[in-house]
Structures are given as C-alpha cells and as structure tokens.
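Student: no sequence for this one, just the structure:
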C-alpha cells in the first residue's frame with residue numbers, strides 16, 4: 001500500500017494519563033475514567049463524566065483546553081530532539097464545532113487555545129505555523145488530505161496534527177442535558193462528557209529516516225463523507241451511507257490488495273445511534289474487515305473525545321505497534337461529527 005505519511009512522534013493527555021504511554025497502557029488494562037464531576041445537571045446533581053482530576057476544577061473552556069493540550073504537544077515535539085528546532089513544521093489544530101465557542105460568546109472557535117499553543121510551540125520550534133480546523137470529531141479527516149499534499153510536495157518537513165476537546169464547561173453540559181444527550185442514570189443511551197488532547201507528528205518516510213525516528217505507523221488512506229442523519233433530525237442512522245462511503249474511500253488500497261483491517265478504533269460513547277450506524281456500515285463493507293475483528297472505542301472509558309478523536313486513535317495505534325501489543329497490523333480509525341461529517345483513516349504498522 002502507498003504511504004501518505006508516517007507517524008514519527010506522538011503525545012496525549014487524557015483523564016487516564018498525563019502522557020500517551022500512560023493512557024495507552026491503562027486503556028489496555030480496561031480501566032475507565034468515569035467518575036462524579038464537580039459540575040451539576042439541571043437538578044443540581046453531580047454529573048457523570050471523564051475528566052482530568054489534576055486540573056483546577058474551576059478551569060473551563062479554552063483555558064482548560066490549553067492546559068490539557070500544552071503537555072501533549074510538548075510530549076510530541078520533544079521526541080524530535082534538537083533537530084526539531086530547524087524543521088519546517090505546520091501545526092494543524094483540530095477543535096470542536098463553532099457552536100461550543102458561541103456558548104461562551106467567542107467569535108472564533110479555539111482562538112485563545114490556538115494563541116497559547118502557538119506561543120508554546122514556537123518556544124520549541126521557532127518557525128512553526130498554525131492552522132485551525134473547527135469541525136468536531138471528524139475534522140482531522142477533512143483537513144488532512146490538503147495538509148498531506150503540502151507535506152508530499154515538500155512545502156514543510158512535518159505536520160503536527162492535533163486535536164483538543166473538553167466538555168468540562170457548565171454551558172456545554174446544560175446544552176447536552178437540554179438535548180437529551182447527557183449520560184446519567186435516567187439516560188443510558190447518551191454521551192459521557194469527556195476531555196482529551198492528542199498530537200501526532202506526520203512526516204515523509206525519508207525525513208523520519210534522516211532524523212532516526214521510530215515511525216511505528218503509517219497513514220495509507222483517508223476517506224470523508226457527509227451523513228444525512230444528525231442528532232437534530234429524524235433521518236435514519238441505519239442508512240449509514242456517509243460512514244460507508246468514508247470507509248470505502250479510505251480503504252481503496254486495502255481492497256485493491258485484498259487485505260483486511262483487523263483493528264477498528266471508533267469515537268463511540270454509548271449513544272446507540274452511532275453504534276447502529278457502525279453495525280450497518282460493517283455489514284455493507286464486511287469485505288474490508290477481518291480477523292481478529294477487534295473493535296475498540298476509547299470514548300467509552302475516556303468520555304466524548306470530540307476533535308481529539310482521530311489524532312488520539314492514530315497515536316494509540318502507533319503506540320500499540322511500537323510496544324508490540326496491537327491486535328492487528330492494519331487498523332481503521334473512524335469518527336463522526338454532529339453536523340454529519342464522517343471520517344475514516346487507514347493505518348498500517350510500519351514495523
């Protein structure tokens with residue numbers, strides 16, 4: 001299969017761990033970060049959430065997101081060593097959809113977050129540039145093709161793909177509850193609030209070799225589409241044409257070589273609509289999946305991952321291959337945004 005880019009470094013901060021290694025190994029044990037949070041629902045009861053207990057409980061919004069993101073970004077960039085300072089880098093920062101920023105009266109989604117991260121990134125790599133994609137969970141899949149074209153044409157040495165998300169905000173929780181999407185004893189078919197930040201550094205193979213970086217994963221395909229069904233309409237999720245189209249587009253090379261993905265990473269929490277959509281897609285595109293049929297949904301133990309979904313899935317796959325515990329040499333990462341966007345990324349072990 002062709003290689004669009006290799007994952008040469010990565011970092012993450014989640015409710016389970018302050019680094020990618022901690023998060024990956026604790027996820028492997030089956031531990032969940034679900035707990036009662038300092039935020040309350042409309043009845044004044046503490047909500048069930050996955051959140052970083054090391055952060056200030058009064059910190060919300062972009063300020064909280066920045067505290068989540070900075071260590072994860074530093075973890076990834078530090079792996080480049082001293083040579084990282086001379087590389088031409090672009091930071092592609094994926095954040096949540098604009099409606100979340102509008103709740104806090106912010107005109108530009110992720111503006112404060114981007115400002116703080118750019119400043120920190122330039123301390124480690126002075127020439128780095130920044131681009132923000134505000135399309136939610138599937139945003140990375142929509143932004144990656146153009147960015148990888150620039151990488152292939154040597155407009156930059158490396159792409160720092162990152163995603164940051166937090167539901168730790170009273171206004172966000174109120175909207176989730178109003179829409180019937182807040183997980184609780186009376187609403188099990190709902191979304192568990194969560195927060196996370198993840199960054200992966202994508203390079204051409206020759207650049208990774210020159211820097212002697214252990215590139216454990218490579219991106220072999222990307223697919224996107226838009227589904228009719230959304231949380232705010234009555235379209236049937238069993239249609240699943242959007243997700244099916246995205247998966248088939250990402251797996252073009254896989255199908256051509258008659259190979260199958262045995263590891264599937266999704267952004268599902270416990271909302272049955274997304275799970276039913278996955279089941280329909282898996283039936284239609286069953287020839288693309290094979291043994292051991294390992295389905296993993298980190299969001300069921302980390303909470304809703306939002307814009308961090310795909311970067312975290314890529315990082316987890318790379319870590320699994322690097323440490324030797326991945327269930328398959330071929331993985332598919334899937335994510336879907338509330339506006340109907342569906343994204344799929346085909347990942348292959350580089351070891």
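Tutor: Looks like it came in fine. Not measured: the values here are computed from a predicted model.
Student: and the closest residue in space to residue 166 that isn't next to it in sequence, how far is that from residue 324?
Tutor: Residue nearest to residue 166 in three dimensions, not counting chain neighbours: residue 195, with 3.7 Å by Cβ to Cβ, 6 or more residues apart in numbering. C-beta coordinates here come from the backbone N, C-alpha and C atoms, glycine included. Distance, residue 195 to residue 324, using Cβ to Cβ, to the nearest Å: 29 Å.
Student: With residue 302 instead?
Tutor: Taking Cβ to Cβ, one finds residue 302 at 23 Å from residue 324.
Student: So between those two, which is more surrounded?
Tutor: residue 302 (29 against 8; other Cβ atoms under 10 Å).
Student: any chance you could read off phi and psi for the more buried one?
Tutor: Dihedral angles phi and psi of residue 302 (degrees, to the nearest 10) take the values phi -110, psi -10.
Student: Same question for residue 176.
Tutor: Per degrees, to the nearest 10, the backbone of residue 176 is at phi -60, psi -40.
Student: Can you give me every residue that contacts it?
Tutor: 167, 182, 191, 193 (Cβ atoms under 8 Å, 6 or more residues apart in numbering).
Student: of the residues you listed, closest to residue 63?
Tutor: residue 167 (14.6 Å; Cβ to Cβ).
Student: I figured that closest one hits residue 49, correct?
Tutor: Yes: between residue 167 and residue 49 there is a contact under Cβ atoms under 8 Å: 6.9 Å.
Student: Tell me the residues that contact both of the two, please.
Tutor: Overlap of the contact sets of residue 167 and residue 49 (by Cβ under 8 Å, 6+ apart) consists of 193-194, 303.
Student: Need the buried ones from those residues selected in PyMOL.
Tutor: Only the buried entries of these go into this PyMOL selection, using 16 or more other Cβ atoms under 10 Å:
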select buried, resi 193+194+303
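Student: Would you mind checking which of the shared contacts of residue 167 and residue 49 is nearest to residue 138?
Tutor: The nearest member of the shared contacts of residue 167 and residue 49 to residue 138, counting by Cβ to Cβ, is residue 194 at 16.6 Å.
Student: Touching, the closest one and residue 51? I think so.
Tutor: Yes: assessed by Cβ under 8 Å, residue 194 is found in contact with residue 51 at 7.3 Å.
Student: okay, and the common contacts of those two?
Tutor: Common neighbours of residue 194 and residue 51 (Cβ under 8 Å, 6+ apart) are 15, 33, 303.
Student: ok, the second one - contacts?
Tutor: Contacts here follow Cβ under 8 Å, 6+ apart; on that basis residue 33 touches 14-16, 50-51, 194, 301-303.
Student: Filter these down to the ones in helices?
Tutor: When helices are assigned by DSSP state H, the members of the contacts of residue 33 inside them are 301-302.
Student: Please produce CSV containing the contacts of residue 33, extended by distance to residue 218 and pLDDT.
Tutor: What follows is these, written out as CSV (distance: Cβ to Cβ, whole Å; pLDDT from 0 to 100):
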residue, distance to residue 218, pLDDT
14, 24, 98
15, 29, 98
16, 26, 97
50, 30, 97
51, 33, 97
194, 28, 97
301, 27, 97
302, 25, 98
303, 29, 97
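Student: where do the helices sit along the stretch 1-150 of the chain?
Tutor: Secondary structure of the stretch 1-150 of the chain (DSSP state H, counting those that start in this stretch): helices located at 20-29, 61-78, 98-103, 111-124, 139-152.
Student: Buried ones in the longest one, by neighbour count?
Tutor: The neighbour-count check on helix 61-78 (16+ other Cβ under 10 Å) flags 61-62, 64-77 as buried.
Student: Now do that helix, average pLDDT.
Tutor: In this model, helix 61-78 has a mean pLDDT of 95.
Student: do the same with the first one
Tutor: Helix 20-29 shows an average pLDDT of 97 in the prediction.
Student: what angle sits between it and helix 61-78?
Tutor: 100 degrees (axes from the mean of the first three to the mean of the last three Cα atoms, to 10 degrees).
Student: chain center to helix 20-29, what's the gap?
Tutor: 16 Å (Cα atoms, centre = their mean, to the nearest Å).
Student: ok, back up a step: check the buried residues of helix 61-78 and tell me the two furthest apart.
Tutor: Checking those with Cβ to Cβ, the most distant pair is 61 and 77, at 24.2 Å.
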